[in-house]
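Asks: Sequence below, structure please.
(4 chains)
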Amino acid sequence: MKKKKKVFVQGAIAPEFIAESIAKHQTKTTIGAHDIFLGQVRADEIDGKTVQAIEYTTYEEVAENALHEIREATFEKFTGLTCMHIYHSLGTVKAGEICLFVFVSSGHRTEAFEACQYLVERIKKEVAVFGKEIFEDNSYTWKENTPA
Amino acid sequence: MKKKKKVFVQGAIAPEFIAESIAKHQTKTTIGAHDIFLGQVRADEIDGKTVQAIEYTTYEEVAENALHEIREATFEKFTGLTCMHIYHSLGTVKAGEICLFVFVSSGHRTEAFEACQYLVERIKKEVAVFGKEIFEDNSYTWKENTPA
Amino acid sequence: MNELNILYFGMLTDITGCQKESFQIEGNTPISELKILLESKYPPLKEVEYKTTYNRTLADDNLPITDDAEIALLPPFSGG
Amino acid sequence: MNELNILYFGMLTDITGCQKESFQIEGNTPISELKILLESKYPPLKEVEYKTTYNRTLADDNLPITDDAEIALLPPFSGG
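Replies: Residues are numbered from 1 along each chain as shown, chains lettered A, B, ... in the order given. Sure thing, here's the model as predicted:
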């Protein structure tokens, strides 16, 4: 059993952090394809009010156990994967900022695409994270995920 | 008819360039999902020799016409797309460096995933780019794309 | 008697007004019984969907609570 | 007579030894005839797969060449 990797980061995920993650893979020359999914907070309009930010909370140990299981299952299902990285924000992420970063690498493109999409679907469905959509007047509503 | 966008860049695509592209989308707050595909040059072993770099050439006008058509078809097929960016290297790209950057954004995740994969398949198949795989002793072989 | 530490997450905290509380129950009470007790304390809980964990593992309603445990009530997830 | 500018790409340049050359043909010669002429000049061309463009547009073999044109021979693409 591999060690559990750090997934949760405080606040938004910076584009520079994504660039650094990409750069770190340039020594891995069996990789031919990366697929990166980024979730960005939308300024949705709900009942006439506009979302300014989402505040994320988690049940951290339970979320990390689920992520660990999802990660292992993905490596088993897609045997050509070289790497897999998942980062999710906690706390406040403003509209336009990035709250989810899923990064999958493999020798060839099809596995990278399929594994990345598989991961994102499972993360949204099975990981104990809760989003609170905050409006400009500080009122809020609880985010609901749509099925794919 | 939209104007043709610049696709070809000289040499490898830098991770910082990718970060800048991501950052530019943070003002577009209808976006909820980005999918980014990166093609990276593999150090494949072929007949006992290892690929050090790929040298890309193109028939530029013909390639740009095809890309323009692919872009228009993708916007038509995936009507929820917000943005689409395609960059491909010309000249020498070393093993481990990035030669293709396809960046698709939409309100929701499924369209971003599907459009990105659709674009990459069509680009590989329909765009007049030729890769010459260079070995350590400066001998070479012509790259062949595998079907998805 | 078992001493439970009950955690509430997401929208459930709007119903309970707190994120955690202590709760005492008879030994071997099944999760389903605990849910009835909590739903009578917080009636709007009956109207919402939630899952339950028992010591940080998802638990079926018929599982008996056999020790001083951490129980959490989790509404539908909305990460990403 | 039409004055053609013929371009070769990728692995085809290994066969022809050049990236472009001038070539004269009778007016209204179809692409298929031009291919036969080029394949007799460069026999290994017969063994490989390639597409042809006529003034930068993919062209069928039966299309007649009606002007001084740019013709390109393109082997399978291998971008990305």
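Asks: what pairs with the worst-scoring helix or strand of chain A on mean pLDDT, and is each one parallel or antiparallel?
Replies: Ranked by mean pLDDT, DSSP states H and E, the weakest helix or strand in chain A is strand A:45-46, scoring a mean of 95. Paired strands of strand A:45-46, with direction, are strand A:49-58 (antiparallel) (DSSP bridges).
Asks: what comes up buried for the strand it pairs with?
Replies: The neighbour-count check on strand A:49-58 (16 or more other C-beta atoms under 10 Å in any protein chain shown) flags A:49, A:51-58 as buried. No exception for glycine: its C-beta is placed from N, CA and C like everyone else's.
Asks: C:S22 against C:N2, yeah?
Replies: No: C:S22 lies out of contact with C:N2 (C-beta atoms under 8 Å); the separation is 10.9 Å.
Asks: Settle it for me: which of those two has more neighbours?
Replies: C:N2 (17 against 8; other C-beta atoms under 10 Å in any protein chain shown).
Asks: Surely the more buried one is in contact with C:I65?
Replies: Yes: applying C-beta under 8 Å as the test, C:N2 and C:I65 come out as touching, 5.8 Å apart.
Asks: what do those two both touch?
Replies: C:25, C:27, C:29 (C-beta atoms under 8 Å, 6 or more residues apart in numbering or on different chains).
Asks: Please list only the buried members of those.
Replies: Looks like the shared contacts of C:N2 and C:I65 have C:25, C:29 buried, using 16+ other C-beta under 10 Å.
Asks: tell me the least confident of the shared contacts of C:N2 and C:I65?
Replies: In terms of pLDDT, C:G27 ranks lowest among the shared contacts of C:N2 and C:I65, with 93.
Asks: mind checking which helix or strand the closest residue to A:Y56 other than its chain neighbours is in?
Replies: Leaving aside its chain neighbours, A:Y56 sits nearest to A:L90 (5.0 Å; criterion: C-beta to C-beta, 6 or more residues apart in numbering or on different chains). In this structure, A:L90 sits in strand A:81-94 according to DSSP states H and E.
Asks: Check which helices and strands that strand is in contact with.
Replies: strand A:8-10, strand A:49-58, helix A:60-77, strand A:98-106, helix A:109-126 (3 or more C-beta pairs under 8 Å, 6 or more residues apart in numbering or on different chains; DSSP states H and E).
Asks: In TSV, list the ones you listed along with mean pLDDT.
Replies: Below are the helices and strands packed on strand A:81-94 laid out as TSV (pLDDT from 0 to 100):
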stretch	mean pLDDT
strand A:8-10	98
strand A:49-58	98
helix A:60-77	97
strand A:98-106	98
helix A:109-126	98
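Asks: Get me the contact residues on chain A for chain D.
Replies: Selection of chain A residues close to chain D by C-beta under 8 Å from any C-beta of the partner chain yields A:R109.
Asks: for the residue positioned nearest the centre of chain A, what are its contacts?
Replies: The centre of chain A sits closest to A:L100, judged by C-alpha atoms, centre = their mean, with a distance of 3.0 Å. Residues near A:L100 by C-beta under 8 Å, 6+ apart: A:13, A:37-39, A:87-89, A:120, A:123, C:79-80.
Asks: Enumerate the beta-bridge partners assigned to it.
Replies: According to DSSP bridges, the residues that bridge with A:L100 are A:G39, A:H88.
Asks: Now do the contacts for the closest residue to chain D within chain A.
Replies: Using C-beta to the nearest C-beta, the single residue of chain A nearest to chain D is A:R109, 7.9 Å away. A:R109 makes contact with A:32-33, A:35, B:37, B:39, B:120, B:148, D:80 under the criterion C-beta under 8 Å, 6+ apart.
Asks: Just the buried ones among those residues, please.
Replies: Buried among those by 16+ other C-beta under 10 Å: A:32-33, A:35, B:37, B:39, B:120, D:80.
Asks: Okay, and which of those residues map to helices?
Replies: B:V120 (DSSP state H).
Asks: of the buried ones among the contacts of A:R109, closest to B:F78?
Replies: Lowest distance from B:F78 to those (C-beta to C-beta) belongs to B:V120, with 13.6 Å.
Asks: can you pull out the strands in chain C?
Replies: C:2-8, C:20-25, C:29-30, C:51-54, C:57-58, C:64-65, C:70-74 (DSSP state E).
Asks: nearest to A:D137, of those?
Replies: Of all those, strand C:2-8 sits nearest to A:D137, with 25.1 Å by C-beta to C-beta.
Asks: got the buried residues for that closest one?
Replies: Neighbour-count burial for strand C:2-8 [16+ other C-beta under 10 Å]: C:2, C:4, C:6-8.
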